[in-house]
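# Pasted the sequence and its predicted model underneath.
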Amino acid sequence: MKIAVASGKGGTGKTTLSTNLASFLAENYPVVLTDLDVEEPNSGLFIEAELVSEERKFKMIPEWIEDKCTLCGICQKVCNFHAVIQLGPMIMVFPELCHGCYACSELCPEDALPMIRKKMGQLKHFKKGNLHFVESRLDIGEEQAVPLIKQTHKYIDQHFDKDFIRIYDAPPGTSCPVMEAVKDTDFVILITEPTPFGLHDLTLAVETMRELKKEFGVVVNRYGIGNDDVLKYCQEEQIAVLAKIPNDRRIAELYSQGKLIYREIPEVREELEKVKELIIRRMEEVVR
Amino acid sequence: MKEIVVISGKGGTGKTSLTASFAYLGGEDVIVADCDVDAADMHLLLQPDFADEDDFYSGELAHISQNECIQCGKCAEVCRFDAIPVIKGRYIVDPLACEGCGYCARVCPTDAITNKDLNVGKWYISNIKTGSMMVHAKLGIGADNSGKLVAKVKSEAKDIAEEERKNLIIVDGSPGVGCPVVSSLSGASFVVLVTEPSVSGLHDLKRVYELVHKFNIKAGCIINKADINKEVTAEIEKFLKEENIVHIANLPYDESFTKAMTNGQTIVEYSDNHLKDLIIESWNDILKSIT
């Protein structure tokens, strides 16, 4: 069972829900929580666990071999991303623009642009009891999150069998990193807050999930603040509201300290119980 | 012309609410650019009239003409993005996976593959309630190239500022540290970092500041909800001092942020308390920092 926690707007509680839900589920089931918000991975601040392994993650970029190059200009012509530029007697490669398509490298008649590895980030794997936690972190200055998200998915697929409940903390927004994060999941939980910003960004997220033909439900965070428009919207659109996490200054304080909230606030535990029931029901359906 | 860019690393710190308040205080002298194109929310506070709109094209998408395709499979073989699956014996481009590199078209022996320009969103020039203008955008679902749309929004804002003889642009930047943020930061005169005293707020602040530092841009910081965790606030203040970042203000945890938003107002319009004074002071400090 693969569940992604996503949201259009940032700061609505993706990490809060992912970390609390994963820890809560891990009380009874094997769980792997993966932080795919590789630009700003935060889940690790809330999970205390032991480091199991760590690996550097690479992307492939071309490297210019001056001695072999005849300056024919094909590489520059075939690069759609302007990542390979011919400047006088030189070929310059701009790694941050390169998408790693291999066109320049493989279409070079002289083999003067072999692909080499360039580090783009780091993956860490932690474990505590039933709970595994994997996070990937993009190096500062690297601009493309998607390749690292892809490699992280691959790591999870290789290391965990289907007995694990997989929870993915997705990046914010609706653009390509989010698509990559939720692509192969069975269910997406969209978390929002009952405010105009929350509603606006939720509608974008819903459009994205419908485009991807994903099954999804909504969790309302900071319930009680703002207005009822998010609930009305969900009703009109026939979207299930899975849980409502109350607006409570104590939650903000616990969060600020890096603590899990469901252990301290019983109302939150009750709401997580509802999400858990849904997950377990769906897992049983899959088995049947 | 000066450009103030407001970013936060982490979402939900109050970045857009504060940027809109600054735009309101700056009034007709300040051109606004909403570069959070992924989840643009500024229009909910500044009520733009969407006077001008235009499609934004960026990048390409491969298309295979089935009439000319001889099923040789060369395209799928060279594609590094697994974007050409075989469905019922036909090679089909998966539009969500295709990066538009064009490699497939170059190796196709029958020229069956063409690249179409991709419409990735819309951008707008609007009159807003501050008496000024705003450039904003809406990125298409799952679109790539948000960095390029950000660059477009910024360059349009610059053009307008020149035409209208305004010398200040305020930019609402995107979250994260990737390509849209890098694009938001280019050409900035001053960066305002909006953070909150939580372990994640601090963590994200440090990461995004590393990027700001790389670009060598002068920065200031506003700690929002400063009273929610005094220890982390102290830690952030220490970090600001060490890094020579201007400490602009500490703002209290205040539900006026949400209430103003629910009314479609900026905080400085809605609230009449201490918070409003602090935001006015912050804006004046920012203006001082750029002159």
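Cool, the structure landed.
# Domain map for the chain?
As the question left the chain open, I've gone with chain A. Chain A breaks down into these domains under automatic domain parsing: A:2-58+A:121-287, A:64-113.
# my bad, chain B
Taken from automatic domain parsing, chain B resolves into B:2-47+B:128-290, B:57-119.
# Near chain B, which residues of the stretch 101-250 of chain A? Just list them.
A:101-103, A:106-107, A:138, A:140-145, A:171-179, A:183, A:195-197, A:200-201, A:204, A:207-208, A:211-212, A:225-227, A:249 (C-beta under 8 Å from any C-beta of the partner chain). (Glycine included, C-beta is placed from N, CA and C.)
# and the domains of chain B as TSV, adding mean neighbour count, distance to A:L33 and mean pLDDT?
Listed next are those as TSV, based on neighbours: other C-beta atoms under 10 Å in any protein chain shown; distance: least, C-beta to C-beta, whole Å; pLDDT from 0 to 100:
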stretch	mean neighbour count	distance to A:L33	mean pLDDT
domain B:2-47+B:128-290	21	15	95
domain B:57-119	17	25	95
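# Reformat those as a markdown table; add distance to chain A.
Output for those, formatted as a markdown table (distance: least, C-beta to the nearest C-beta, whole Å):
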| stretch | distance to chain A |
| --- | --- |
| domain B:2-47+B:128-290 | 1 |
| domain B:57-119 | 3 |
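# could I get those as CSV with distance to A:L278?
Output for these, formatted as CSV (distance: least, C-beta to C-beta, whole Å):
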stretch, distance to A:L278
domain B:2-47+B:128-290, 25
domain B:57-119, 27
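# Show me what the longest helix seen in chain A is packed against.
In chain A, taking DSSP state H as the definition, the longest helix is helix A:266-287. Packing partners of helix A:266-287 (3 or more C-beta pairs under 8 Å, 6 or more residues apart in numbering or on different chains; DSSP states H and E): helix A:14-25, strand A:187-192, strand A:216-223, strand A:241-246.
# if you go through the chain in chain order, where are the strands?
With no chain named, the answer covers chain A. Remark: strands assigned in chain A by DSSP state E are A:2-6, A:31-35, A:50-62, A:84-87, A:90-93, A:115-128, A:131-138, A:165-169, A:187-192, A:216-223, A:241-246.
# wait, I meant chain B there
B:2-7, B:30-34, B:52-64, B:86-87, B:90-91, B:113-127, B:133-139, B:168-172, B:190-195, B:219-223, B:246-250.
# Please name the nearest non-neighbouring residue to the residue sitting furthest away from the middle of chain A.
Farthest-out residue of chain A from its mean C-alpha position, per C-alpha atoms, centre = their mean: A:T70, at 42.8 Å. Spatial nearest neighbour of A:T70, excluding adjacent residues (C-beta to C-beta, 6 or more residues apart in numbering or on different chains): A:E110 at 5.7 Å.
# Just give me the neighbour total for that neighbour.
Neighbourhood size, A:E110 [other C-beta atoms under 10 Å in any protein chain shown]: 14.
# Please list all residues in contact with it.
Contact partners of A:E110, counting by C-beta atoms under 8 Å, 6 or more residues apart in numbering or on different chains, are A:K68, A:C69, A:T70, A:C72.
# re the thing from before, would CSV of the strands of chain B with distance to B:A20 be doable?
Shown next, in CSV, are the strands of chain B (distance: least, C-beta to C-beta, whole Å):
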stretch, distance to B:A20
strand B:2-7, 10
strand B:30-34, 8
strand B:52-64, 20
strand B:86-87, 47
strand B:90-91, 48
strand B:113-127, 13
strand B:133-139, 10
strand B:168-172, 8
strand B:190-195, 12
strand B:219-223, 14
strand B:246-250, 17
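# if we can go back for a sec, please identify the deepest-packed of the domains of chain A.
Neighbour counts (mean count of other C-beta atoms under 10 Å in any protein chain shown) averaged over each of the domains of chain A peak at domain A:2-58+A:121-287, with a mean of 20.
# Helices along the stretch 151-291 of chain B, start to end?
Assigned by DSSP state H, counting those that start in this stretch, the stretch 151-291 of chain B shows helices spanning B:179-185, B:199-214, B:230-242, B:256-262, B:267-270, B:274-290.
# how about CSV for the ones you listed, with distance to A:D163 added?
CSV is the format used below for the helices of the stretch 151-291 of chain B (distance: least, C-beta to C-beta, whole Å):
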stretch, distance to A:D163
helix B:179-185, 37
helix B:199-214, 30
helix B:230-242, 38
helix B:256-262, 42
helix B:267-270, 49
helix B:274-290, 51
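# Out of the ones you listed, which is closest to A:V241?
helix B:256-262 (19.2 Å; C-beta to C-beta).
# So which elements touch the closest one?
If contacts are counted by 3+ C-beta pairs under 8 Å, 6+ apart, helix B:256-262 sits against helix A:196-211, helix B:15-26, helix B:43-46, helix B:267-270.
# could I get those helices as a markdown table with distance to B:C98?
Shown next, in a markdown table, are those (distance: least, C-beta to C-beta, whole Å):
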| stretch | distance to B:C98 |
| --- | --- |
| helix A:196-211 | 15 |
| helix B:15-26 | 32 |
| helix B:43-46 | 31 |
| helix B:267-270 | 43 |
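# Report the rounded mean pLDDT for stretch A:37-52.
Mean pLDDT, stretch A:37-52: 95.
# quick one: terminal-to-terminal distance for that stretch?
Start-to-end span of stretch A:37-52 (C-alpha to C-alpha, to the nearest Å) is 20 Å.
# chain center to stretch A:101-116: distance?
31 Å (C-alpha atoms, centre = their mean, to the nearest Å).
# For B:K2, see how far away the residue lying closest to B:F215 once chain neighbours are set aside is.
Leaving aside its sequence neighbours, B:F215 sits nearest to B:L185 (C-beta to C-beta, 6+ apart; 5.5 Å). Distance, B:L185 to B:K2, using C-beta to C-beta, to the nearest Å: 14 Å.
# now swap in A:V38 and tell me
To B:K2, A:V38 is 33 Å away according to C-beta to C-beta.
# repeat for A:F126
45 Å.
# For the residue of chain B most remote from its centre, give me its contacts.
Going by C-alpha atoms, centre = their mean, the residue of chain B most distant from its centre is B:I70, 43.9 Å out. Going by C-beta under 8 Å, 6+ apart, B:I70 touches B:P109, B:T110, B:A112.
# from what I can see the last one touches B:S65, true?
Spelled out, that is B:A112. Yes - between B:A112 and B:S65 a contact is recorded at 4.8 Å, counting by C-beta atoms under 8 Å.
# Please enumerate the shared neighbours of those two.
With contacts defined as C-beta under 8 Å, 6+ apart, no residue is shared by B:A112 and B:S65.
# so what's the residue nearest to A:A205 when sequence neighbours are not counted up against?
With sequence-adjacent residues excluded and distances taken as C-beta to C-beta, 6+ apart, A:A205 is closest to A:G8, at 3.9 Å. Counting by C-beta under 8 Å, 6+ apart, A:G8 touches A:172-174, A:190, A:192, A:200-205, A:208, B:38-39.
# For A:F164, state which of those residues is nearest.
Nearest to A:F164 among these, with distances taken as C-beta to C-beta, is A:L190, at 22.5 Å.
# Who does the closest one form a beta bridge with?
Beta bridges link A:L190 to A:A6, A:V218 when assigned by DSSP bridges.
# Read off the pLDDT value for residue 125.
Let's take chain A. pLDDT recorded at A:H125 is 98.
# sorry, should have said chain B
Looking at B:I125, its pLDDT reads 98.
# Many thanks, have a good one.
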